[in-house]
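In: task: produce atomic coordinates for the following.
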Amino acid sequence: MAEDLSNRPAAAAAAVAAPDLPPAGGRRASRHRRRFSAAFVALGVVVAVSGVLTWLLLAGVDRPKAFSSFSPKGSDPVERVQEVADYVAARYVAASGLPVVTVTAGEDDSPSQPGATQIVSIESNPPGVS
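Out: As a prediction, the model looks like this:
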């Protein structure tokens with residue numbers, strides 16, 4: 001059976017309730033706080049040095065040249081897409097000089113993202129070319 005704990009002396013109850021623990025904020029906690037702070041500062045120094053080194057190493061790197069010097073000049077997104085379509089279509093010609101493809105650009109009727117990419121369609125047999 002279980003023993004009755006309600007009649008135990010107060011000193012015995014206090015001995016059971018308070019095991020030997022270092023006082024809060026003692027030397028042990030202070031030592032861990034200093035170690036954590038030192039590790040945190042060291043980590044910050046490593047991150048800062050890495051950032052500076054990356055910036056210094058990449059500052060002198062030349063960017064690769066663009067594969068094309070073409071850049072659309074229009075201000076309207078549909079106009080810019082049409083300029084790209086015209087530029088691309090002019091490069092696809094047969095040996096006879098006739099166009100091989102027709103590239104048409106237009107605005108999407110139901111864009112998933114407002115102001116997003118426009119529609120571009122490419123046909124392999126343009127009208128009037130056999």
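
In: elements contacting whichever helix in the chain runs longest?
Out: Of all the segments of type helix in the chain, defined by DSSP state H, the longest one is helix 27-59. Packing contacts for helix 27-59, counted by 3 or more Cβ pairs under 8 Å, 6 or more residues apart in numbering; DSSP states H and E, involve no helix or strand. To be clear about C-beta, it is placed using only N, CA and C from the backbone, and glycine gets the same treatment.

In: quick one: least confident helix or strand in the chain?
Out: Using mean pLDDT, DSSP states H and E, helix 10-17 stands out as the lowest-scoring helix or strand of the chain, at a mean of 56.

In: any idea how far residue 69 is from residue 61?
Out: Applying Cβ to Cβ, to the nearest Å, the value for residue 61 to residue 69 is 21 Å.

In: give me the low-pLDDT residue ranges for the protein?
Out: Along the chain, the parts satisfying pLDDT under 70 run over 1-28, 107-130.

In: domain-wise, how is it divided?
Out: Partitioning the chain according to automatic domain parsing yields domains covering residues 26-59, 77-123.

In: reformat these as TSV; add distance to residue 65 and mean neighbour count.
Out: Converted to TSV, the domains of the chain look like this (distance: least, Cβ to Cβ, whole Å; neighbours: other Cβ atoms under 10 Å):
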stretch	distance to residue 65	mean neighbour count
domain 26-59	17	10
domain 77-123	18	13
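
In: excluding its backbone neighbours, what's nearest residue 73?
Out: In this structure, residue 73 finds its nearest non-sequential neighbour in residue 83, 6.8 Å apart by Cβ to Cβ, 6 or more residues apart in numbering.

In: residue 61 and residue 55: what is the separation?
Out: 11 Å.

In: and if you look at residue 103?
Out: The separation that residue 103 has from residue 55, given Cβ to Cβ, amounts to 42 Å.
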